[in-house]
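# Need coordinates for the following:
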Amino acid sequence: MKKWMVFVWSTLVCMACSAQEKADYTPEDRAIFDTYVQAMQGKEHLPLGDLLVETAKFFKDRPYVGSTLEKEPERLVINLRELDCTTLVESVLALARMVKAGNPSFEAYAGQLKQLRYRQGEIHDYTDRLHYFSDWIYENRRKGIVRDVTSAIGGEPYRLKMSFMSAHPDKYRQLKAHPEWVKVMREKEQEISSRATYACIPEKEIERCGSGMQNGDIVCFVTNIEGLDISHVGFIDREGEMLTFIHASSSAGKVIVNPESLQTYVTDGKRTTGVMIVRPQEP
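Numbers count the residues shown, from 1 in each chain. This is a model prediction of the structure:
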């Protein structure tokens, strides 16, 4: 009996190691994860939007650090110590979905994160990652993880013209090292540009459409930079009477609740033309 128990335990350990063999994280990331799970005890019954806001605020004041995913070979990077706008959104959504699913384990979180970040939830190389956030929206909508509500709350049809990564491969270490991937990215950009499935709330209409935005919605800032779609992301948060958002701010150097309204932020942004609003769905 004891030998059988040892065999089963060894098998389970090997399975867990296999599931995590491509993940990249530190003991501090595990400690932050454990602290988060303790902080969310009893909050699993909150509406998902409210849980997302609670989770995003858990990371308040964490330092902003860009390019934390750029490691070779491509693997699942789990970094809860340092965040940029996209890794904050992905980490918060994966954690909240894990809590709502009733399985608060590090392995379950890693699985959720991998599903969000990669096109088929599988990692083969750099091109499997969802680099453009409009593509991230499209693929995660297909998976039933999010719903694009931009059009429903007042947005206008919006066509994308994607080309930035293939036009500027020198800005991406992996594309410089693997020029054969530039063609793959160009084909993906053409596919994204061919979709007639996006909408945008123009800058001047944000205040009018604000009543349709809910706590925990993902706000995506549409840019006029040639060849790009979305330059920044965060979570909608209603602070009293003010509609604002939580984000990893490069200018503040950390995760913050934006001190000004969403409308003011967009109006002041020289390269921002409007927003897309994406609503995470209950797992």
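# show me what contacts the spatially most central residue of the chain?
In the chain, the centroid-proximal residue (Cα atoms, centre = their mean) is residue 90; its distance is 2.9 Å. Applying Cβ atoms under 8 Å, 6 or more residues apart in numbering to residue 90 gives the contacts 113, 116-117. C-beta here means a position set from N, CA and C on the backbone, and glycine is covered the same way.
# Next, it: phi, psi?
phi -70, psi -40 (degrees, to the nearest 10).
# I'd like the distance between it and residue 66.
Here residue 90 is placed at a distance of 14 Å from residue 66 (Cβ to Cβ, to the nearest Å).
# after the worst-scoring helix or strand of the chain on mean pLDDT comes which helix or strand?
Among the helices and strands of the chain, helix 2-19 carries the lowest confidence by mean pLDDT, DSSP states H and E, at a mean of 36. Where DSSP states H and E defines the elements, the next helix or strand beyond helix 2-19 is strand 23-24.
# That next one pairs with which strands, and in what direction?
According to DSSP bridges, strand 23-24 forms sheet pairs with strand 76-77 (parallel).
# starting at the chain centroid, how far to the partner strand?
Centre-to-centre, strand 76-77 and its host chain are 13 Å apart (Cα atoms, centre = their mean, to the nearest Å).
# what's the answer for stretch 157-167, then?
Worked out by Cα atoms, centre = their mean, stretch 157-167 lies 19 Å from the chain centre.
# low-scoring stretches of this protein, by residue?
Counting by pLDDT under 70, the low-confidence segments of the chain come to 1-21.
# Which residue ranges of it form helices?
2-19, 27-39, 48-58, 85-100, 106-117, 133-142, 164-167, 173-177, 180-194, 206-209, 262-268 (DSSP state H).
# Which elements pack onto the third one?
Spelled out, that is helix 48-58. Judged by 3 or more Cβ pairs under 8 Å, 6 or more residues apart in numbering; DSSP states H and E, the packing partners of helix 48-58 are helix 27-39, helix 85-100, strand 230-239, strand 242-249, strand 272-280.
# Quick one: residues in contact with the fourth one.
Pointing back at strand 242-249 there. 53, 56-57, 60, 62, 64, 83-85, 87-88, 210, 213, 219, 232-238, 254-263, 265.
# For it, list every residue counted as buried.
Residues of strand 242-249 classed as buried by neighbour count (16 or more other Cβ atoms under 10 Å): 243-249.
# can I have it written out in CSV, keeping just the CAs?
C-alpha atoms of strand 242-249 as CSV (Å, rounded to 0.1, in the frame of the first residue of the first chain):
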residue,chain,number,x,y,z
MET,A,242,-15.7,59.9,-11.7
LEU,A,243,-15.2,57.3,-14.4
THR,A,244,-11.5,56.5,-14.5
PHE,A,245,-9.3,53.4,-14.9
ILE,A,246,-6.6,51.4,-13.2
HIS,A,247,-3.4,50.9,-15.2
ALA,A,248,0.3,50.3,-15.2
SER,A,249,1.5,53.8,-16.0
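# Next, the angle strand 272-280 makes with it.
For strand 242-249 against strand 272-280, the angle by axes from the mean of the first three to the mean of the last three Cα atoms, to 10 degrees is 90 degrees.
# what angle separates strand 242-249 from helix 85-100?
Using the same axes, to 10 degrees, strand 242-249 lies at 110 degrees relative to helix 85-100.
# List the pairing partners of strand 242-249 within its sheet, with orientation.
Partners of strand 242-249, by DSSP bridges, with direction: strand 230-239 (antiparallel), strand 254-257 (antiparallel).
# Would you tell me which one of these is buried the most?
Of the strands paired with strand 242-249, the one with the most neighbours on average (mean count of other Cβ atoms under 10 Å) is strand 230-239, at a mean of 21.
# chain center to that one, what's the gap?
So, by Cα atoms, centre = their mean, the centroid of strand 230-239 is 11 Å from its chain's centroid.
# Check what contacts it and list those residues.
So strand 230-239 is contacted by 52-53, 56, 85-86, 88-89, 92, 132-134, 213-223, 225, 243-248, 257-258, 262, 271-272, 276-277 (Cβ under 8 Å, 6+ apart).
# how about a cut-off of 7 Å?
With Cβ atoms under 7 Å, 6 or more residues apart in numbering as the test, strand 230-239 has contacts from 52-53, 56, 85-86, 89, 92, 133-134, 213-223, 225, 244-247, 257, 271-272, 276.
# Cool, thanks, signing off.
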